[in-house]
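Participant: Quick one, structure for this:
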Amino acid sequence: MSVFEKLGVPGMDSIDWEITPELTFTMFESWGSRLWIRSLEERYYYFFIDNWKKPAKLCLMERGVKFARVIAEIDAPQGMIDSCVVSQGKKLGLDKSFAINPELKQWLLDNVLDAQDGSKVTPVHSRIEVEDMKAGLPALGEKKAPKTVMRFRSEPAHFVEGELPAIVKAHNFYDAKLNPQGEFQNSLVDNGDGLTVTDLASGIMWQREGLDICSNRKMQKNIEQVNKESLAGHSDWRLPTAEEALSLLNREASEKEIHIHRCFSKAQPFVFLVDQRIPGGCWFADFKQGNIYWASGTNPGAFGRLCRRV
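Facilitator: Okay, here's the model as predicted:
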């Protein structure tokens with residue numbers, strides 16, 4: 001049995017030799033990818049070295065926007081694996097995943113892939129994580145709204161990058177780069193529909209999950225469809241403004257590793273805003289990094305988390 005049949009991987013063309021553990025961050029968790037990932041169904045396969053425990057292991061990863069699992073360990077010569085780790089030096093931070101070097105790539109081609117030899121491949125049945133979507137919030141009606149409700153701008157705007165610090169500091173919003181000590185005090189309640197929560201401090205209802213990654217143009221069509229179907233009984237859903245998105249950001253990341261309340265899904269790590277940048281581009285909110293940034297509105301796109309006034 002060949003390695004591809006053994007693992008259920010489409011074939012040699014499915015292996016991406018250019019993907020590294022570092023590159024997966026920009027591909028799947030932030031903006032800046034060399035690839036345009038169009039849907040949740042796309043899968044990418046790459047080899048890497050797992051050095052979290054000794055001895056280091058050569059592994060095959062299956063990766064998507066919301067999907068990641070090691071599907072196999074490869075019985076490569078331990079000396080080659082260790083030499084590859086040493087050649088890359090000590091990494092900054094806590095990450096202990098390493099890209100393979102040309103020598104390991106050639107060994108894989110000669111002994112596993114071109115040879116169609118699955119004997120050196122051990123499938124790994126990694127558990128696919130199911131996200132905990134319990135809101136953990138008081139129900140609507142169990143919590144009083146603050147005496148002062150902040151009515152943030154809800155209409156689209158065009159602004160230059162130099163105006164962003166003032167927007168962030170106007171309400172002491174948290175932004176990891178511009179105001180790391182800030183934090184707007186939310187007052188979230190569970191609407192009981194399993195789909196939405198409302199922030200009593202801002203009078204904004206939010207999607208708890210959101211829309212799949214796509215281009216700006218496709219996002220507008222998806223929003224039209226959401227409103228046509230009347231999500232949670234409402235048909236006035238839209239993308240948030242910079243102020244509205246900033247109002248969600250928390251200084252401390254939740255156990256889901258996002259800088260918004262755990263009631264929100266982590267499957268939409270960065271989202272479109274309704275605002276446009278002068279002289280060009282779109283503004284985005286990055287819930288994983290905890291900041292607002294700008295980029296092209298079409299490549300690679302972003303997710304959507306819609307909101308509406310109550």
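Participant: Show me which residues of stretch 169-178 are buried.
Facilitator: When neighbours are counted by 16 or more other CB atoms under 10 Å, the buried residues of stretch 169-178 are found to be His171, Phe173, Tyr174, Asp175, Ala176, Leu178. Backbone N, C-alpha and C define where each C-beta goes, glycine included.
Participant: Just send those residues back as JSON lines, with pLDDT, secondary structure and distance to Gly64 too.
Facilitator: Written out in JSON lines, the entries for the buried residues of stretch 169-178 read as follows (pLDDT from 0 to 100; DSSP: H, G, I helix; E, B strand; the rest coil; distance: CB to CB, whole Å):
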{"residue": "His171", "pLDDT": "95", "secondary structure": "coil", "distance to Gly64": "36"}
{"residue": "Phe173", "pLDDT": "98", "secondary structure": "coil", "distance to Gly64": "31"}
{"residue": "Tyr174", "pLDDT": "98", "secondary structure": "coil", "distance to Gly64": "29"}
{"residue": "Asp175", "pLDDT": "97", "secondary structure": "strand", "distance to Gly64": "29"}
{"residue": "Ala176", "pLDDT": "95", "secondary structure": "coil", "distance to Gly64": "26"}
{"residue": "Leu178", "pLDDT": "96", "secondary structure": "coil", "distance to Gly64": "31"}
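Participant: Widest-spaced pair of the residues you listed?
Facilitator: Within those, two members stand farthest from each other by CB to CB: His171 and Ala176, at 16.4 Å.
Participant: Can you get me a residue count around the residue nearest to Ser296 when sequence neighbours are not counted?
Facilitator: For Ser296, ignoring the flanking residues on the chain, the nearest one in space by CB to CB, 6 or more residues apart in numbering is Gly281 at 5.8 Å. Using other CB atoms under 10 Å, Gly281 has 15 other residues around it.
Participant: Return the backbone torsion pair for Gly281.
Facilitator: Main-chain torsions, Gly281, degrees, to the nearest 10: phi 100, psi 180.
Participant: That one and Trp294 touch, don't they?
Facilitator: Yes. If you go by CB atoms under 8 Å, Gly281 and Trp294 touch, sitting 4.7 Å apart.
Participant: Might you report the residue contacts of the residue nearest to Ile167 when sequence neighbours are not counted?
Facilitator: In space, Ile167 comes closest to Ala242 once its chain neighbours are excluded; the distance is 5.7 Å by CB to CB, 6+ apart. If you count contacts by CB atoms under 8 Å, 6 or more residues apart in numbering, Ala242 has them with Ala157, Phe159, Leu164, Ile167, Leu273, Asp275, Trp283, Ala285, Ile292.
Participant: In strands only, show me these.
Facilitator: Those of these mapping onto strands are Phe159, Leu273, Asp275, Trp283, Ala285, Ile292, per DSSP state E.
Participant: where does the protein have low pLDDT?
Facilitator: Within the chain, the set of residues satisfying pLDDT under 70 comprises 1-2, 25-40, 65-66, 90-95, 125-129, 297-300.
Participant: Next, the residue of it positioned farthest from its centre: secondary structure please.
Facilitator: The outermost residue of the chain relative to its centre, with distances by CA atoms, centre = their mean, is Ala115 at 36.5 Å. With DSSP: H, G, I helix; E, B strand; the rest coil as the basis, Ala115 sits in coil.
Participant: what's the longest helix in this protein?
Facilitator: Taking DSSP state H as the criterion, the chain has its longest helix at helix 216-228.
Participant: after that helix, next one along is what?
Facilitator: Next along the chain after helix 216-228, taking DSSP states H and E as the criterion, comes helix 242-246.
Participant: thinking again about what came up before, nearest to Asp82, of the contacts of Ala242?
Facilitator: Closest approach to Asp82 among the contacts of Ala242 (CB to CB): Ala285, at 41.8 Å.
Participant: and that closest one, what is it in contact with?
Facilitator: Contact criterion CB under 8 Å, 6+ apart gives Pro240, Ala242, Ala245, Leu246, Leu248, Leu249, Phe270, Val271, Leu273, Asn291, Ile292 as the residues in contact with Ala285.
Participant: and the nearest residue to the first one once chain neighbours are set aside, bridged to which residues?
Facilitator: Here the nearest residue to Pro240 in space, its sequence neighbours aside, is Cys307; by CB to CB, 6+ apart that works out to 4.8 Å. With DSSP bridges as the criterion, Cys307 is bridged to Trp206, Arg238.
Participant: Surely Cys307 and Gly203 touch.
Facilitator: No. Because the distance of 10.4 Å does not satisfy CB under 8 Å, Cys307 is recorded as not touching Gly203.
Participant: All good on my end, thank you.
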